[in-house]
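Participant: can you look at this prediction? I've put the sequence above it.
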Amino acid sequence: MQSTFFAIVSRMKYIDRWALMRSSRPENLSEHALEVAMIAHALATIGNVRYGRSLDASKAALIGLYHDASEIITGDMPTPVKYHDAHIRDAYKQVEHEAEQTLLAKLPDDLRPAYEALFAPAVGEDEAYLRRLVKAADKISALIKCVEEAQAGNAEFRTAEASTRRAVEGMRAELPEVGDFVDEFLPSYGNTLDELL
C-alpha cells in the first residue's frame, strides 16, 4: 500500500507564514519548522545540562518539526485572528486537531503510533515540560523573524516584535532555558556573516 503522508508533509514549503504582514523576505512553514526544531532541541539540552532535567531533546526536535504540520491543510492563521477570542481559538484548535488526524490517517497502520506520539497531548510531567519548551521555541522563532525584519528596515513587524518579546520574556521565570537561550544566542541574530564568524 502506498502512503501519501510524506508527500503531503513535504508541501510545508508552499505554506507562507505571516500572511497579513509585508515581509522583506518571505518565510515558509518548512523553514519555520526546522528553526523551531533546532531551538526546541537546544532548550531541552540546556535544561538537561544546566538544570538537571531528564528531557528527550531528540523528541523535542521532532515535535518541533511537526508542530505546525496541520497548517498544510488549514493554512497559517495569523496570531491576532487565531487568539482574538476564546471561541475562535477553541474552534481553530478543533480544526487543527482534525487536520492532524487527516495527516496521520495517511500513514501505514504500523507506523502511525510513532507519529501519533508527536501530535498527542503530553503524558507525564517531563513531557508536559518538554512541550512547553517547544511552544517557547515557536515563540523564539517568531521573535527571530521579527528581529530579522527590523534589521532589514521593515517597520511592519514593530508591534509584532514588541508583543512577541513580551511573551518570550514572560516565559523566563517558569522556563529558565528560555532566558539562557535569549541571553546567549538571540543577540547575534541579525549580525552579518563576517560578524558571526
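Facilitator: Yep, that arrived.

Participant: low pLDDT regions in the protein?
Facilitator: Filtered on pLDDT under 70, the chain yields the residue ranges 78, 80-81, 83-84.

Participant: let's see 80
Facilitator: Within the chain, the ranges that satisfy pLDDT under 80 run 1, 76-84, 92.

Participant: can you tell me the element Ile140 falls in?
Facilitator: Taking DSSP states H and E as the definition, Ile140 sits inside helix 125-151.

Participant: nearest residue to Ile15 in space, please, no chain neighbours.
Facilitator: Closest residue in space to Ile15, ignoring its immediate chain neighbours: Leu29 at 3.9 Å, by C-beta to C-beta, 6 or more residues apart in numbering. Quick note: C-beta positions are derived from backbone N, CA and C, even for glycine.

Participant: ranges for the helices of this structure?
Facilitator: Taking DSSP state H, the helices of the chain run over residues 5-9, 29-51, 57-66, 71-74, 79-82, 86-104, 112-119, 125-151, 158-171, 176-184, 193-196.

Participant: out of those helices, which is closest to Leu20?
Facilitator: The minimum distance between Leu20 and the helices of the chain falls on helix 79-82, with 7.9 Å, by C-beta to C-beta.

Participant: thinking again about what came up before, report the separation between the residue nearest to Ile15 and Val178.
Facilitator: Here the criterion is C-beta to C-beta, to the nearest Å. By it, Leu29 lies 23 Å from Val178.

Participant: comparing these two, which residue is more hemmed in?
Facilitator: Val178 (26 against 20; other C-beta atoms under 10 Å).

Participant: which ones are touching the residue lying closest to that one once chain neighbours are set aside?
Facilitator: Spatial nearest neighbour of Val178, chain neighbours left out: Met171 (4.5 Å); criterion: C-beta to C-beta, 6+ apart. Residues in contact with Met171, defined by C-beta atoms under 8 Å, 6 or more residues apart in numbering, are 136, 139, 178.

Participant: Ile8 too?
Facilitator: 72, 103, 106.
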